[in-house]
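Asks: Whatever this is, show me its structure:
(2 chains)
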Amino acid sequence: MSPEAKPVIRVKDLTIGYNNNIVLRNIDFEILTGEIFTILGGSGCGKSTLLKHMIGLLQPLGGSVLIDGTDIITAQGSDRLGVLRKIGVAYQNGALFGSMNLMENICLALEEFTDLPKDAMEMIARMKLKIVGLGNATHKMPAELSGGMRKRAAIARALSLDPKVLFLDEPSAGLDPITSAQLDKLILELSHSLRITFVIVTHELSSIFTVADRVVMLDKETKTIIATGKPAELRDHSDNPWVRQFFNRQA
Amino acid sequence: MDNSNTASVDWEKLDEDRLRLVIKGRLDVETTGSLWRKIIKTIAGTKPRELLVDASKIEYCDGAGIGLLLELTQTQKQNNRRIQITGLSPDFQPLLKLFDPGQAAEPPPKRASLAQRIESLGKKTTHWLQAVKAQISFIGEAFIKLLTTLIHPRTLRWRDTFLIAEKAGANAVGITALLGFLIGLILAFQSAVAMQKFGAQVFVTDLVCLALFRELGPLITAFVLASRSGSAFAAEIGTMKINEEIDALTTMGMDPVRFLVVPRLIAAICVVPLLTMFNNLFGLIGCGVVMSFFGSPPVTYLHRIQQAATMTDLLGGLAKTFVFGALIAGIGCLRGIQTGAGPSAVGDSATRAVVSGIVAIVVADGAFAVLYYFLNI
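Replies: Modelled structure (predicted):
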């Protein structure tokens, strides 16, 4: 990552919650182009909720989320579509369309948004499945896949339109250590070769130390960010004992 | 997207066998589409033995652009021709390797050969036989569990049973009554118009009464229940199956049939006769409306009903509904338990529950018709 990297996502003064129940208050951070950014925190602190706000699925109580300069929360019509084209999201359980095989799952967005000929779409779909290691499963239905394969297929689908930013919700939850390590390798590879910015919600420590350039840590009690920075620095030098505890896996 | 986002291609035929392509600009999902068609068409037209691709003027290249280069490589290689890609920026070089999907996996053949058709026929027959076997064993299991529950009523989950009875029965009173009323009305009106020609409209009551008590009342009520509750049972149990709730029940040592099927069976068996009575009552009211229209006062109408239908007609009709109730609930639950994987499976189960429920009801009704004929009912 070069020092002059520009922020691709700016979260400004974001307050989120359900009804009047505030989950997180006055959140501010920036994610730089090309970095692998991790959102972490204890269970139930609002990580996934924050992610859902960042991709425009939920309305915040206040504040804004700028992706490449456009506020995804207020953007309407073609502006909104433009922002959505720049992001890809891989949901926790894959969220693959059950009635379509993997090839069709990936081609769906290409059919909707591009004028590529059918051969081209199939080629692109095969390429995307190849890089997640599912090159042989193009004609499989999601129901025929294992949990790990579904997650990888979801990443392939999120990559279908070559997004600038890829959001991953708990990518390694429920995977065996080897598959999880392979996934980390894939993330690093994609980040280096395609210069995709990653925003990852996770609490898998080994994966954080392997891939993350920077992390933000959310806290349930104070409902704010309690730490930002490089994972190794936070582990060794954080002022906050809870943060050090978290990174050193102490109860 | 600004207008500088364009890509273009120039080609030059160097000699008989060699074609040079110069690709310029930004190759992304937006721009690659038209370029792809153009290039593939050119290659297919000229069939160059050696293809030289000058990629030095590609400013940006994402998955789609790399896809194009890989497609060219594959087409050339498949036809034993050569390709040379030169000048691709080192930024994009690694992508070529990373993305190369290799040969396309063989898609499943669309047209089956004779042998495959015979094979699929055999597979389908085996599946069908297995399904029949599963159904028979389900019927047996459900019957035994039902009997056990009747012998030991304490083992029944009463709260669930009442809740299901309320949903399937009490909440269906309105629709059953409305349908009964309309059927009585329509049947009476249609037959009255025809019978008036022969001065026989007094017999309309006989016709409607017998038709309702013996056939239409039980059938229509059963159809309503099959489509309202049979599908609901299948969807409910199907969703539980997908969420592994049924597995959870089994591993906790609770028998899913006793837990889920028996309450539904008992609830359905209890509510279908009651609903049928409502249906009959409102059918008679509908018929009464038409009869008073044709000048028959209510007292005459009531008197006529008593003469037209006997208690045997009414009870014979109601006896069938116990069987219909068991069929609806049994088939609904069976389809639910048979649910496959994936969200569309629940929809399929619900559909199959309604379709096979209705077929089973009509078949059972036919069997009752034969039985009643021999019993002189």
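
Asks: Show me the helices in the stretch 1-150 of chain A, by range?
Replies: Secondary structure of the stretch 1-150 of chain A (DSSP state H, counting those that start in this stretch): helices located at A:47-54, A:77-86, A:102-113, A:118-131, A:147-158.

Asks: now for these, which one comes closest to chain B?
Replies: Closest to chain B of the helices of the stretch 1-150 of chain A, according to Cβ to the nearest Cβ: helix A:118-131, at 3.9 Å. Heads up, the C-betas are built off the backbone N, CA and C, glycines and all.

Asks: which residues sit against that closest one?
Replies: A:102-103, A:106-107, A:110-111, A:114, A:116, A:135, A:137-138, A:153, A:156-157, A:159-160, A:186, A:189-190, B:32-33, B:36, B:40, B:63-64, B:66-68, B:70-71, B:98-102, B:104-105 (Cβ atoms under 8 Å, 6 or more residues apart in numbering or on different chains).

Asks: the helices in the stretch 1-150 of chain B, which residues?
Replies: Secondary structure of the stretch 1-150 of chain B (DSSP H, counting those that start in this stretch): helices at B:32-46, B:63-78, B:93-99, B:114-151.

Asks: for these, which one ends up most surrounded?
Replies: Highest mean neighbour count of these: helix B:63-78, a mean of 21 (counted as mean count of other Cβ atoms under 10 Å in any protein chain shown).

Asks: ok so, going back, now the helices of the stretch 1-150 of chain A in CSV, with mean pLDDT?
Replies: What follows is the helices of the stretch 1-150 of chain A, written out as CSV (pLDDT from 0 to 100):
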stretch, mean pLDDT
helix A:47-54, 88
helix A:77-86, 85
helix A:102-113, 86
helix A:118-131, 88
helix A:147-158, 88
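
Asks: okay if I get those helices as a markdown table plus distance to residue B:292 and mean neighbour count?
Replies: Listed next are the helices of the stretch 1-150 of chain A as a markdown table, based on distance: least, Cβ to Cβ, whole Å; neighbours: other Cβ atoms under 10 Å in any protein chain shown:
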| stretch | distance to residue B:292 | mean neighbour count |
| --- | --- | --- |
| helix A:47-54 | 63 | 22 |
| helix A:77-86 | 61 | 14 |
| helix A:102-113 | 61 | 19 |
| helix A:118-131 | 68 | 23 |
| helix A:147-158 | 66 | 24 |
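
Asks: Adding distance to residue B:213 as columns, could you present those in a markdown table?
Replies: Shown next, in a markdown table, are the helices of the stretch 1-150 of chain A (distance: least, Cβ to Cβ, whole Å):
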| stretch | distance to residue B:213 |
| --- | --- |
| helix A:47-54 | 58 |
| helix A:77-86 | 62 |
| helix A:102-113 | 54 |
| helix A:118-131 | 62 |
| helix A:147-158 | 56 |
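
Asks: Need the mean per-residue confidence for the longest strand belonging to chain B.
Replies: Taking DSSP state E as the criterion, chain B has its longest strand at strand B:50-61. For strand B:50-61, mean pLDDT rounds to 86.

Asks: same thing with stretch B:325-334?
Replies: So the average pLDDT for stretch B:325-334 ends up being 95.

Asks: Quick check: residue B:62 touching residue B:28?
Replies: Yes: contact status for residue B:62 versus residue B:28: in contact at 4.9 Å, counting by Cβ atoms under 8 Å.

Asks: out of those two, which sits in the more crowded spot?
Replies: Counted by other Cβ atoms under 10 Å in any protein chain shown, residue B:62 and residue B:28 do not tie: residue B:62 has more neighbours, with 22 against 19.

Asks: Leaving out sequence neighbours, find the closest residue to that one.
Replies: In space, residue B:62 comes closest to residue A:162 once its chain neighbours are excluded; the distance is 4.0 Å by Cβ to Cβ, 6 or more residues apart in numbering or on different chains.

Asks: So that neighbour lies in a helix, does it not?
Replies: No: with DSSP: H, G, I helix; E, B strand; the rest coil as the criterion, residue A:162 is coil rather than part of a helix.

Asks: what's the burial count for it?
Replies: So residue A:162, with other Cβ under 10 Å, has 20 neighbours.
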